[in-house]
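K.L.:
Here you go, sequence then predicted model.
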Amino acid sequence: MKVWVTLAVVMIVTACGTKGPVRGTEAEIAALAASIQRLSPDVDPAEATRAARLSYTATHQLALAYEISDTALIHNAKVNAGQRPRGLCYHWAEDIQARLDSAGFQTLETARAIANADNPILIDHSTTIIVPKGAPMQAGVVIDPWRYGGRLFWAPVPQDTRYDWRPREVVLREKGRIKYVQRTEGSLAPPPVD
């Protein structure tokens, strides 16, 4: 009986998974651009559009590079078993952030956030957040391609009720892991422009 229950759970999780990388549609890109634009009257509309397009393009490119073919948790298991090159949530956050940062935005910037850090049952979850220049993280839009296995999820931070996002640096300081604030070896994102 235990085997049948396990098999049923695996089949359900696998059936709900992604069947490979998908591109964002023009409507999805426009909706994200509008959400970014609404963050502040100081956000340049052209930059909001570029940031939205780059978020969707980078998600698709990284999904291909990470060899995404499963749900996020199954892909995590494959990465941890050495069967996939990257694709843990912090890989996504790091690589998306580096691509956004390399775009040279004047009215936008990125922040990194972590959720579940204080929950002993759940694993930490990392993301990148697009914010107006100089604004606090809570005033931004979550950019999370990990959550749905390579399909971009985004929402204004206060509307993302699934996670309680906290600034990454604060969480790492509390955990004594501040040395990990820098990019990890093997990042697929271009290095930041000096």
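P.N.:
Great, that's in hand. Residues are numbered from 1 along each chain as shown.

K.L.:
Which residues does the residue most central in space within the chain form beta bridges with?
P.N.:
Residue closest to the mean C-alpha point of the chain, counted by Cα atoms, centre = their mean, is D144 at 2.9 Å. Beta-bridge partners for D144, by DSSP bridges, are F153.

K.L.:
how close does it get to Y90?
P.N.:
Here the criterion is Cβ to Cβ, to the nearest Å. By it, D144 lies 12 Å from Y90. From N, CA and C alone the C-beta is placed, and that goes for glycine too.

K.L.:
Equivalent analysis for R166, please.
P.N.:
From R166 across to Y90, the span is 14 Å (Cβ to Cβ).

K.L.:
Of all the residues in stretch 125-134, which ones are buried?
P.N.:
Across stretch 125-134, burial judged by 16 or more other Cβ atoms under 10 Å covers 125-132.

K.L.:
Out of those, which comes closest to D44?
P.N.:
P132 (10.0 Å; Cβ to Cβ).

K.L.:
Tell me, what's the model's pLDDT at the closest one?
P.N.:
According to the prediction, P132 has pLDDT 98.

K.L.:
Okay, now the unreliable bits of the chain?
P.N.:
1-20, 177-194 (pLDDT under 70).

K.L.:
Where do the helices of the protein begin and end?
P.N.:
Using DSSP state H, the helices of the chain run over residues 2-15, 26-37, 45-66, 72-80, 89-101, 168-175.

K.L.:
Run the angle between the last one and helix 89-101 for me.
P.N.:
For helix 168-175 against helix 89-101, the angle by axes from the mean of the first three to the mean of the last three Cα atoms, to 10 degrees is 140 degrees.

K.L.:
chain center to helix 168-175: distance?
P.N.:
18 Å (Cα atoms, centre = their mean, to the nearest Å).

K.L.:
what does the fifth one give?
P.N.:
Per Cα atoms, centre = their mean, the displacement of helix 89-101 from the mean C-alpha position of its chain is 7 Å.

K.L.:
helices or strands next to that helix in the packing?
P.N.:
In terms of contacts (3 or more Cβ pairs under 8 Å, 6 or more residues apart in numbering; DSSP states H and E), helix 89-101 is packed against helix 45-66, strand 108-115, strand 125-132, strand 141-144.

K.L.:
I'd like the ones you listed laid out as JSON lines, including distance to R23.
P.N.:
Converted to JSON lines, the helices and strands packed on helix 89-101 look like this (distance: least, Cβ to Cβ, whole Å):
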{"stretch": "helix 45-66", "distance to R23": "5"}
{"stretch": "strand 108-115", "distance to R23": "22"}
{"stretch": "strand 125-132", "distance to R23": "19"}
{"stretch": "strand 141-144", "distance to R23": "16"}
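
K.L.:
closest one to L39 among the ones you listed?
P.N.:
Per Cβ to Cβ, nearest to L39 of these: strand 125-132, 5.0 Å.

K.L.:
Appreciated, that's everything.
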